[in-house]
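S.K.: Here is my input, please return the structure:
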Amino acid sequence: METFDVVVIGSGPGGYPAAIRAAQLGASVAVIEKDQAGGTCLNCGCIPTKTLIASGDLFHRIAKSEELGISVGSAEYDYKAFADRKDKVVGTLRKGVEGLLKANGVTLLRGVGSFVSRNVIAVDGADGKQEIGASKTIIATGSDSVMPGFIPKSKLIVESRAFLELTKLPKSLLILGGGVIGCEFACLAAQLGVKVSIVEMLDDVLPMLDKDVRRQVRKYMEKELDIDIITGAPLEKITTTAKAVKGKVDGKAVQAEMMLVSIGRRPVTDGLAIENAGVTLNEHGFIPADADCSTSAATVYAVGDVIAGSTQLAHAATAQGCTAAENAVAGKAKKAAILIPGCIFTAPEVGVVGMSEAEAKEAGRDVAVGKFAFASLGKAMAMGETVGFVKWIADADTDQILGAAAVGPHATELIAEATLAVNAELTVSEIGKTVHSHPTLSEAWMEAAHVLHGSCVHAMPSRRKLKIKD
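M.R.: Numbers count the residues shown, from 1 in each chain. Take a look at the predicted model:
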């Protein structure tokens with residue numbers, strides 16, 4: 001039986017970086033993958049979704065290009081070509097992951113991994129079953145979409161993975177769930193002319209965001225993309241016909257050619273026989289893990305979506321994977337990063353990091369907020385993309401930046417500067433003193449800092465008396 005220093009189960013954004021980092025540190029490493037290298041994010045999540053969104057967003061901007069003095073006539077799109085390009089991008093990146101694993105001397109084993117014991121793992125693949133030894137194991141099996149039992153089985157009802165496999169869009173789409181995935185798909189479809197309705201049982205979509213941020217997104221989705229957003233009541237009495245999905249929300253009938261179910265994800269632990277390793281699961285099936293990614297079983301670590309309290313973000317899984325690898329090989333207890341930025345690829349985009357305004361207030365902090373609208377920014381005006389704003393959330397007493405949010409053009413890129421600021425425990429004053437290039441979108445951060453201190457020359461004077469920092 002071949003034995004490895006580290007065996008990683010799953011090759012997604014948590015698994016393959018863990019394997020490579022462990023190999024860099026001199027360990028013999030094997031990765032077990034039951035499907036495709038790269039995991040959910042690369043093959044049926046982040047990358048294919050954002051590839052399609054890029055095409056949809058460009059089509060939407062072309063359709064509005066007369067505002068910039070460009071006439072293109074009647075713009076048309078080929079969704080099959082969108083899908084083909086998406087598959088090409090995914091395929092290229094997948095080969096890249098496989099190449100990196102090979103270049104770092106990592107053994108890639110195809111099949112389903114399961115624990116025989118804490119240090120013995122069975123791999124059930126196409127060529128049969130084999131057992132390998134593992135001095136240390138890192139579980140990185142990720143998560144799957146939830147499809148509740150009350151949802152009828154029909155080819156017209158899909159979850160995100162099946163939706164990404166479409167080569168033709170329906171004329172109308174009903175989305176169950178107003179979270180990140182549901183809203184991203186809603187914007188994609190609506191930008192391509194699909195009549196979209198979202199049903200969210202909670203009082204608002206994107207409830208994890210501050211009210212002003214989600215209000216901006218919802219307003220654009222409803223007014224500019226004509227998305228019908230129904231909140232505060234569940235979707236009931238769901239039925240299907242040969243050509244439609246029907247249901248009722250608070251007595252009101254809704255229907256569409258297709259329904260996308262996007263109401264959460266569940267951890268993938270089926271078939272792992274995890275109990276044989278002495279690892280316990282919580283009541284929801286997730287693996288409890290400490291800050292150093294260790295589990296209840298010595299020698300076994302867990303990272304990414306499969307762990308309890310996961311943010312279900314690929315970059316968080318990558319950070320945890322590298323930490324787990326370092327701990328597994330070096331035998332230390334290094335903690336994984338806890339400051340994780342969040343990016344939402346809706347129209348408009350959203351980026352957040354650190355404490356939200358609501359969280360800071362709930363924590364009893366004396367909160368100071370500085371916001372600057374893109375409508376007052378030269379670069380945004382030049383681009384013709386003026387929806388949204390950036391904001392700093394700071395401690396009013398110390399001026400330390402607690403968090404930040406951006407909603408608008410390239411918000412998912414802009415949040416990187418704010419992440420560095422929060423991580424470095426910078427003050428608003430330090431951001432305000434940092435000269436930002438003009439004209440750029442990133443200037444908004446400097447302007448928002450000046451707004452918070454009452455010294456912004458590009459915003460109308462505030463009626464509040466604010467303390468100006470030196």
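
S.K.: Now the residue positioned nearest the centre of the chain: closest residue in space, sequence neighbours ignored.
M.R.: Of all residues in the chain, the one closest to the mean position by Cα atoms, centre = their mean is residue 313, 4.7 Å from it. Of all residues not flanking residue 313 in the chain, residue 340 sits nearest, at 6.1 Å (Cβ to Cβ, 6 or more residues apart in numbering). C-beta coordinates here come from the backbone N, C-alpha and C atoms, glycine included.

S.K.: May I have the phi/psi pair for that neighbour?
M.R.: Residue 340 adopts backbone torsions of phi -120, psi 110, taken as degrees, to the nearest 10.

S.K.: and what of residue 163?
M.R.: Backbone torsions of residue 163, given as degrees, to the nearest 10, read phi -60, psi -40.

S.K.: ok, it - contacts?
M.R.: Neighbouring residues of residue 163 by Cβ atoms under 8 Å, 6 or more residues apart in numbering: 185, 260.

S.K.: Could you measure from it over to residue 175?
M.R.: 10 Å (Cβ to Cβ, to the nearest Å).

S.K.: quick one: common contacting residues for those two?
M.R.: 185, 260.

S.K.: Please list the residues outside the helix or strand where residue 22 lies that contact it.
M.R.: Assigned by DSSP states H and E, residue 22 belongs to helix 15-24. If you take Cβ under 8 Å, 6+ apart as the criterion, helix 15-24 is touched by 5-6, 8-9, 11, 29-31, 33, 37-39, 97, 100-101, 104-106, 138, 140, 303-304, 318, 321-322, 324-326, 328-329.

S.K.: ChimeraX command for the buried members of these?
M.R.: If you want just the buried ones from the contacts of helix 15-24 in ChimeraX, going by 16 or more other Cβ atoms under 10 Å, the selection is:
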select :5,6,8,9,11,29,30,31,33,37,38,39,97,100,101,106,138,140,303,304,318,321,322,324,325,326,328,329
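
S.K.: Name the spans of the stretch 351-470 of the chain whose pLDDT lies under the cut-off.
M.R.: Residues of the stretch 351-470 of the chain that meet the criterion pLDDT under 70 lie in 463-470.

S.K.: any chance you could map the helices in it?
M.R.: Secondary structure of the stretch 351-470 of the chain (DSSP state H, counting those that start in this stretch): helices located at 357-362, 378-383, 411-423, 428-433, 443-452.

S.K.: And for the chain?
M.R.: For the chain, the helices defined by DSSP state H cover 15-24, 39-44, 46-63, 79-103, 160-164, 180-191, 211-223, 314-330, 357-362, 378-383, 411-423, 428-433, 443-452.

S.K.: Identify each buried residue in the shortest one, please.
M.R.: When neighbours are counted by 16+ other Cβ under 10 Å, the buried residues of helix 160-164 are found to be 160, 162, 163, 164.

S.K.: same question, the fourth one
M.R.: Using 16+ other Cβ under 10 Å as the test for burial, helix 79-103 gives 79, 82-83, 86-87, 89-90, 93-94, 97-98, 100-101.

S.K.: Who are the packing partners of that helix?
M.R.: helix 15-24, helix 39-44, helix 46-63, strand 107-110 (3 or more Cβ pairs under 8 Å, 6 or more residues apart in numbering; DSSP states H and E).

S.K.: Recalculate using a threshold of 6 Å.
M.R.: helix 46-63 (3 or more Cβ pairs under 6 Å, 6 or more residues apart in numbering; DSSP states H and E).

S.K.: related to what we said a few turns ago, and the helices of the chain: which comes nearest residue 240?
M.R.: helix 160-164 (14.8 Å; Cβ to Cβ).

S.K.: and that closest one, C-alpha only, in CSV?
M.R.: Output in CSV follows, covering the C-alpha atoms of helix 160-164 (Å, rounded to 0.1, in the frame of the first residue of the first chain):
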residue,chain,number,x,y,z
SER,A,160,-27.4,26.3,-10.7
ARG,A,161,-25.3,23.5,-12.1
ALA,A,162,-28.0,22.4,-14.6
PHE,A,163,-28.7,26.0,-15.5
LEU,A,164,-25.1,26.5,-16.5
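
S.K.: what distance separates it from the centre of its chain?
M.R.: 16 Å (Cα atoms, centre = their mean, to the nearest Å).

S.K.: Give me the mean pLDDT for it.
M.R.: For helix 160-164, mean pLDDT rounds to 96.

S.K.: repeat for stretch 55-62
M.R.: Mean predicted confidence for stretch 55-62 is 95.

S.K.: Show me which positions of that stretch end up buried.
M.R.: Neighbour count says stretch 55-62 has 55, 56, 57, 59, 60, 61 buried, by 16+ other Cβ under 10 Å.

S.K.: now do stretch 406-416
M.R.: Quick answer for stretch 406-416 (16+ other Cβ under 10 Å): 406, 407, 408, 409, 410, 411, 412, 414, 415.
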